[in-house]
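>>> sequence below, structure please.
(2 chains)
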Amino acid sequence: MLKIKGLKAGVEDNNILKGIDLQVNKGEIHAIMGPNGSGKSTLSSVIAGKEEYEVEGGSIEFDGTSIMDLSPEERAHLGIFLSFQYPVEIPGVSVSNFIKTSINETRKAKGLEPMPAGELLKLMREKMELLDIKKGFLSRSLNQGFSGGEKKRNEIFQLATLAPKLAILDETDSGLDIDALKIVANGINKLRTPENATIVITHYQRLLDYIVPDFVHVLYNGRIVKSGTKELAFELEAKGYDWIIKEVEEQCI
Amino acid sequence: MTEEDKILKEVTGAEYKYGFTTDIESDKIPKGLSEDVVRLISAKKNEPEWLLERRLKAFEVWKKMDEPDWANVSYKKPDYQDIIYYAAPKQKKKLESLDDLDPEMRKTFEKLGISLNEQKRLAGVAVDFVMDSVSVATSFKDKLLELGIIFCSISDAVIEYPDLVKKYLGSVVPTGDNFFSALNSAVFTDGSFCYIPKGVRCPMELSTYFRINEAGTGQFERTLLVADQGSYVSYLEGCTAPMRDENQLHAAVVELIALDDAEIKYSTVQNWYPGNEEGIGGVFNFVTKRGICHDRAKISWTQVETGSAVTWKYPSCILKGDDSVGEFYSVAVTNNLQQADTGTKMIHIGKNSKSTIISKGICAGKSEGSYRGLVKIMKSAENARNFSQCDSLLMGDKCGSHTFPYIEVKNKSAKVEHEATTSKIGEDQIFYCNQRGIGTEEAIALIVNGYCKDVLNQLPMEFAVEAQKLLAISLEGSVG
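Numbering: from 1, shown residues only, chains lettered A, B, ... in the order given. This next block holds a predicted model:
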């Protein structure tokens, strides 16, 4: 589904990603872990097409075609979804209005009619139940005055209603208490199908207790320095990142 | 959603879409302003002597006044001798019914999206249409009259209801109030008059549509709205003008009188031609709007200002009565080289009088937008309350937004609150929307409409939709 080869990207003269290779297939969950500043969030932004990042080399393919020249909204229309680490506030725009606009803009791009109101409402209700979201949430201004947990839950709620092919969860666990974490993780697990894929970006192993990855990659200094299965995450939890960093540096010498 | 889709479609479409002219023969007088011109206007309208006298007095007052320069706008002052003060579309004979309307005029209505017949009946709106200096047509006059509601052009009202006009005209905005109101009092040509009798709730929206058509003309309309005790009316005005590379002057005066327990809701969607991207042409919109509230009366001003090259406008409330309520909801958009200095005055005289001010400024391009507001609590206004919120939204870094709140309190029991914020549409907000499949233009429309929601919610339903579209179009291409 997603094929990244030799991806190099940065902001202005600052190289952040220094050659990333990553392949994600249908039905898989990948975890990308790494210390702060290793380039995790940059990777997710570059996949989503954020313009302030300059891509200096490599390629990103989605479903067999390059998405390098596509705008962020075009990538979204193809089914790439990014759950933001810091979701923005949009005052006066209700959660339901935002989701409605999002769904219908995506449908429009595919040449479809807007979703009938009744169907839309039913969809939202269904997903609210799935994520244990309270009534009244839909009419609140998007992320305005939301707690950290509510913001993240709102991201997953959008994920659930938009049902993308690829979901990238950028530090979704940060700011969540354990109960909220369970609800969010549970939601993500329920949304999993053999047809979609998920990339979980996280600093801690904690989230991976609830969302079990098929593959774990360690990102350090703009490169994936180690890949493995979920056991790698346990090892990181137990030993920290230092041993890998050391390993990498020894290789360099 | 269908409504919003339409909005989005229009965003990708046009620039100023009302920039056409109507090719119709016009009866106009030569340029310039003098006592003779004032007399000529009065004569053309077959006015009674008392009104001519008032006009002449106003002209004398105006001559001694200076054009105000305290507003935060800069423009080349109009040459008042280079303006045509009266231009009227020629009609062969007096209209028996709207079916007799000149075909060119009918086309104009259609282009402006105004339907004077069935459609509007369904929507429940009565329309008075003012082109250049005269009212061309008023719909539903008879139906309203059955309820005792008078809705007609002010010229007709002067002849048919002289007592009402004589009593209230100039009672809220006196002749010498300011430079532009004095000018208007001398040369006003037409506008709407409305009277709602005691205890009557006007069953439909009343609306006046103003259109400047002729080149070189100014529009000086006068609107007078009287809501008698315990009555209610919702009134809306819209305005457009052709694209011309000269500046045209629009100096209107609007007076509202809400007697005891009456309520007036006055909404404006102002879309005069704003000039082009280089700031050439556009309408100078110098308007005086004021209402007076008697006991327990309420006046609510809602304005969506997107057009005009320069706007100078402060719809105000004199809260004379005890327990009276004044409200001001405003969205003012400036783009390219537009300038707007707008706000309100709330003058609290009565006990327990309350006022609310919600002002949302949006500046894009190289435009300048200012909020200027006065909250004045007089000594007599025991327990007066005011809440003001003035927000500005900036797009890009070449525009400017300013807030000038004046507060004068002469009674210690008053409570006055003022909140102000300035924000920008962030790239992060746009990227967030993009990531959810929403393109940049649509994202801006979404964010701006969210920002203005508190004001747009005050507009009658169908006009709110109109206003949303207008906002999107006005800001087209302002980011990116």
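>>> my read: B:Gln435 touches A:Ala76, true?
Yes: if you go by C-beta atoms under 8 Å, B:Gln435 and A:Ala76 touch, sitting 5.6 Å apart. C-beta: built from backbone N, CA, C; applies to glycine.
>>> what is in contact with those two at once?
A:Ala48 (C-beta atoms under 8 Å, 6 or more residues apart in numbering or on different chains).
>>> looking at the two, which one has more neighbours?
A:Ala76 (27 against 24; other C-beta atoms under 10 Å in any protein chain shown).
>>> ok, the more buried one - contacts?
A:48, A:106, A:164, B:434-437.
>>> got a list of what the closest residue to A:Asp63 other than its chain neighbours touches?
If the residues on either side of it in the chain are set aside, A:Asp63 comes closest to A:Met1, at 6.2 Å by C-beta to C-beta, 6 or more residues apart in numbering or on different chains. Contact partners of A:Met1, counting by C-beta under 8 Å, 6+ apart, are A:24-26, A:62-63, A:165-166, A:197.
>>> try it again with 6 Å
A:24-26, A:197 (C-beta atoms under 6 Å, 6 or more residues apart in numbering or on different chains).
>>> ok, of the residues you listed, which come out buried?
A:24, A:197 (16 or more other C-beta atoms under 10 Å in any protein chain shown).
>>> who in the stretch 151-300 of chain B is up against chain A?
By C-beta under 6 Å from any C-beta of the partner chain, no residue of the stretch 151-300 of chain B approaches chain A.
>>> tell me which element the residue of chain A at minimum distance from chain B falls in.
As assessed by C-beta to the nearest C-beta, chain B sits closest to A:Gly92 within chain A, at 3.1 Å. Using DSSP states H and E, A:Gly92 maps to strand A:90-94.
>>> pull the distance from stretch A:130-150 to the chain's centre.
19 Å (C-alpha atoms, centre = their mean, to the nearest Å).
>>> which of the contacts of A:Ala76 fall in strands?
Using DSSP state E, no member of the contacts of A:Ala76 falls within strands.
>>> which of those residues sits closest to A:Gly222?
Of all those, A:Gly222 sits closest to A:Ala48, with 17.8 Å by C-beta to C-beta.
>>> show me where chain B has helices.
Applying DSSP state H to chain B gives helices spanning B:2-11, B:35-44, B:49-63, B:103-111, B:118-123, B:141-146, B:154-160, B:162-168, B:179-187, B:427-435, B:440-451, B:453-456, B:461-474.
>>> which one, of these, ends up nearest to B:Tyr195?
helix B:162-168 (5.8 Å).
>>> which residues sit against that closest one?
B:157-158, B:195, B:224, B:226, B:257.
>>> checking my notes, A:Gly149 in a helix, right?
Yes: under DSSP: H, G, I helix; E, B strand; the rest coil, A:Gly149 sits within a helix.
>>> okay, the helices of chain B in a markdown table with mean pLDDT next?
Compiled in a markdown table, the helices of chain B are given as follows (pLDDT from 0 to 100):
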| stretch | mean pLDDT |
| --- | --- |
| helix B:2-11 | 42 |
| helix B:35-44 | 90 |
| helix B:49-63 | 93 |
| helix B:103-111 | 64 |
| helix B:118-123 | 42 |
| helix B:141-146 | 84 |
| helix B:154-160 | 91 |
| helix B:162-168 | 94 |
| helix B:179-187 | 93 |
| helix B:427-435 | 93 |
| helix B:440-451 | 90 |
| helix B:453-456 | 88 |
| helix B:461-474 | 76 |
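>>> quick one: A:Val24 from A:Leu123, how far?
From A:Val24 across to A:Leu123, the span is 26 Å (C-beta to C-beta, to the nearest Å).
>>> do the same with A:Ile199
A:Ile199 is 24 Å from A:Leu123, by C-beta to C-beta.
>>> with neighbour numbers in mind, choose between these two.
A direct count of neighbours by other C-beta under 10 Å for A:Ile199 and A:Leu123 places A:Ile199 higher, at 25 against 17.
>>> residues in a beta bridge with that one, which ones?
A:His30, A:Ile168 (DSSP bridges).
>>> got it, and B:Tyr329?
B:Thr302, B:Ile358.
>>> now for it: which residues touch it?
Counted by C-beta under 6 Å, 6+ apart, B:Tyr329 has contacts B:302, B:358, B:455, B:458.
>>> coming back round to it: tell me how far the strand holding A:Gly92 lies from the chain's centre.
Counting by C-alpha atoms, centre = their mean, strand A:90-94 comes out at 23 Å from the chain centroid.
>>> for it, packing partners?
Counting contacts by 3 or more C-beta pairs under 6 Å, 6 or more residues apart in numbering or on different chains; DSSP states H and E, strand A:90-94 packs against strand A:141-142, helix B:440-451.
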